[in-house]
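J.: predicted coordinates and the sequence they were generated for:
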Amino acid sequence: MSSTTDPRQMGIDRRTLLKGAAGAAAGTSALSAAIAQASTGDAGFYVNLRQDNGELVIYNWYQPWIAEVVPMFEEETGISVEQIGTYSSNDEWWARLNAGENFDFFIPTTDWVQRAMAADLLHEIDSSLIPNLSNLFEDWQANEVYQQDGASFAVPFSRVYYSLTYNTNEFAEAPTSWEVTWDEAYDGRITMQDQAYARVGTTALLLGDDPLNPTMWDEIRDRLLAQKELVPKYWTDYQNGMEMFVNEEVVVGQLTAGRTRMGAAEGGPIDWTVPDEGVLTFIDTFAIPNTSENPENGHAFIDFLNRPDIMALEMEMMYYDTLNEAARGELDEELAAQFEIREDAHLVLATELDPQVRSQVDELWTEVKLS
């Protein structure tokens, strides 16, 4: 895609503007505090005129965006935010919640939300405390995927396409099939994600099988073994996967659409597509653990993040698509075009697999890697 607008510069301009606004508000608060201190006649006595609205403990990924907006949230709400860390995979927060740790906000992927609902690890979402839910596409404002016994337990916000990424110098047009990742013409220049469901599910799509409930296990195994001969390195870290494409170590393979957009913004000759067979999609959500000691503040943060300007900032900084319809109106026209997808695209939402299927998926990919 050609563009005269540098998305990184757009993000900087918007962030500068928002920081300026937050800084002005902070200056007003500091002035008020100074006046209050002076009025006491005691230089050592400090009066904070802003109400203390408690704390919020968060555990998350999407770190650049979250780090950018937390100061704004604190200034606007008076809620003090403590971040206990970031994670790179869902099983990290899963382990901490099962160990009984308490925090107030985190970002789980859909299939893990369903697993957490079944394990009673999530706090019910009170939609009346999140008026900005109305900014989401209607189908996602109260989606049954995130409900149990009539109650909601997560708020979806970001759609991650596990897309077919390609080098625009190598391909004059976008490849139309996952079959290209088995093409011997690109031997040694193909990369795929080292993740069991991504590998088995995508191969099932290619074969016309159901990626959520595969039946063609032998065929999937054979295809993965054949592909392995062409792949010099599978990626596990998203940044590493992106860098392989940007540095032109590889010319075709699987990467998220968000990371592909990010790499293109950094000058990489890459683009992404949804091939004819379709792609797996993973939707990230906002959720509150049942161990939360500040669930109201968790709701306040979720509402804040669903503001159109705040969610648009995520798209500008991290390039991941959003289910927030109103946020798209905040984007520059050329950047917004990068999030368009063809109407007939076959998108398969990754939901929690049947335990037996999940076990077979894991075992099959382990077998392929060890072969």
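T.: Sure thing, it's come through. In this text the structure is predicted, and so the values were computed from the model without any measurement.
J.: use CA for all of it now, contacts and neighbours both
T.: Fine.
J.: tell me the pLDDT at L280?
T.: We have a pLDDT of 96 for L280.
J.: where's it, which helix or strand?
T.: Using DSSP states H and E, L280 maps to strand 279-286.
J.: show me what that strand is packed up against.
T.: helix 110-118, strand 155-167, helix 196-207, strand 347-349 (3 or more Cα pairs under 8 Å, 6 or more residues apart in numbering; DSSP states H and E).
J.: which residues are contacting it?
T.: 105-110, 154-164, 198, 201-202, 205, 302, 346-350 (Cα atoms under 8 Å, 6 or more residues apart in numbering).
J.: stretch 249-268 now?
T.: Under Cα under 8 Å, 6+ apart, the answer for stretch 249-268 is 6-8, 160-167, 170, 180-181, 186, 188-193, 238-239, 241-248, 270-272, 318-321, 338.
J.: let's see it at 6 Å
T.: Here stretch 249-268 makes contact (Cα atoms under 6 Å, 6 or more residues apart in numbering) with 161-167, 181, 189-192, 244, 246, 270, 319-320.
J.: then stretch 65-82?
T.: A22, D52, N53, G54, E55, L56, V57, E314.
J.: using the record's assignment, carve the chain into domains.
T.: 7-44+53-153+287-337, 159-278+345-370 (automatic domain parsing).
J.: three-state assignment of N53?
T.: Under DSSP: H, G, I helix; E, B strand; the rest coil, N53 falls in the coil class.
J.: now E82
T.: Applying three-state DSSP: E82 is strand.
J.: next one: it from Y59, what distance?
T.: 9 Å (Cα to Cα, to the nearest Å).
J.: I79: how many residues sit nearby?
T.: Residues lying near I79 (other Cα atoms under 10 Å) number 20.
J.: next one: the one 3 residues further on
T.: As a burial measure, the neighbour count of E82 was computed by other Cα under 10 Å and equals 14.
J.: run through who's touching stretch 100-117.
T.: With contacts defined as Cα under 6 Å, 6+ apart, stretch 100-117 is touched by 57-60, 283-288, 291-292, 294, 298, 351-352.
J.: of those residues, select the buried ones using a ChimeraX command.
T.: Typed into ChimeraX, the line below selects the buried ones among the contacts of stretch 100-117, using 16 or more other Cα atoms under 10 Å:
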select :57,58,59,60,283,284,285,286,287,288,291,292,294,298,351,352
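J.: and which of the contacts of stretch 100-117 is nearest to E124?
T.: Checking the contacts of stretch 100-117 against E124 by Cα to Cα gives I288 as the nearest, at 7.7 Å.
J.: I figured that closest one was touching E124, is that so?
T.: No: using Cα atoms under 6 Å, I288 is not in contact with E124, being 7.7 Å away.
J.: can you show me the strands along this structure?
T.: 55-60, 80-86, 147-148, 151-152, 155-167, 190-191, 252-256, 270-273, 279-286, 321-322, 347-349 (DSSP state E).
J.: how big is the angle separating the first one from strand 80-86?
T.: Orientation check (axes from the mean of the first three to the mean of the last three Cα atoms, to 10 degrees): strand 55-60 against strand 80-86 gives 20 degrees.
J.: pull the number of nearby residues for F106.
T.: Considering only other Cα under 10 Å, F106 is surrounded by 21 other residues.
J.: give me the pLDDT for it.
T.: So F106 comes in at 98 (pLDDT).
J.: who's it bridged to?
T.: Beta-bridge pairing of F106 under DSSP bridges involves A287.
J.: roughly how far does it sit from T260?
T.: Taking Cα to Cα, one finds F106 at 25 Å from T260.
J.: repeat that for N98.
T.: Computed as Cα to Cα, the N98 to T260 distance reads 34 Å.
J.: more neighbours: those two, which one.
T.: Counted by other Cα under 10 Å, N98 and T260 do not tie: T260 has more neighbours, with 28 against 11.
J.: all helices for this structure, in order.
T.: In the chain, the segments counted as helices under DSSP state H are 7-40, 63-77, 90-98, 110-118, 196-207, 217-228, 238-246, 257-265, 295-305, 308-318, 325-328, 333-337, 355-370.
J.: pull out the buried positions in the third one.
T.: Along helix 90-98, these residues count as buried under the neighbour rule (16+ other Cα under 10 Å): N90, W93, W94, L97.
J.: now that helix, how far from the chain's geometric center?
T.: 17 Å (Cα atoms, centre = their mean, to the nearest Å).
J.: which strands or helices does that helix pack on?
T.: For helix 90-98, there is no helix or strand it packs on, judged by 3 or more Cα pairs under 6 Å, 6 or more residues apart in numbering; DSSP states H and E.
J.: which of the buried residues of helix 90-98 lies closest to S371?
T.: So of these, ranked by how close each gets to S371 (Cα to Cα), first place is N90, at 27.1 Å.
J.: could you measure from the closest one over to P289?
T.: In terms of Cα to Cα, N90 sits 14 Å off from P289.
J.: same thing with A198?
T.: 27 Å.
J.: on that earlier part again, of the domains of the chain, which shows the lowest average pLDDT?
T.: domain 7-44+53-153+287-337 (a mean of 84).
J.: mind listing what E314 touches?
T.: W65 are the contacts of E314 under Cα under 6 Å, 6+ apart.
J.: turn the contacts of stretch 65-82 into CSV, columns for distance to R307.
T.: Below are these laid out as CSV (distance: Cα to Cα, whole Å):
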residue, distance to R307
A22, 16
D52, 23
N53, 20
G54, 21
E55, 20
L56, 18
V57, 20
E314, 11
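J.: just the buried residues out of those residues, in ChimeraX syntax.
T.: Restricted to buried positions by 16+ other Cα under 10 Å, the ChimeraX selection for the contacts of stretch 65-82 reads:
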select :22,55,56,57,314
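J.: can you tell me which of the contacts of stretch 65-82 is nearest P64?
T.: E314 (8.7 Å).
J.: the closest one and A154, how far apart?
T.: 19 Å.
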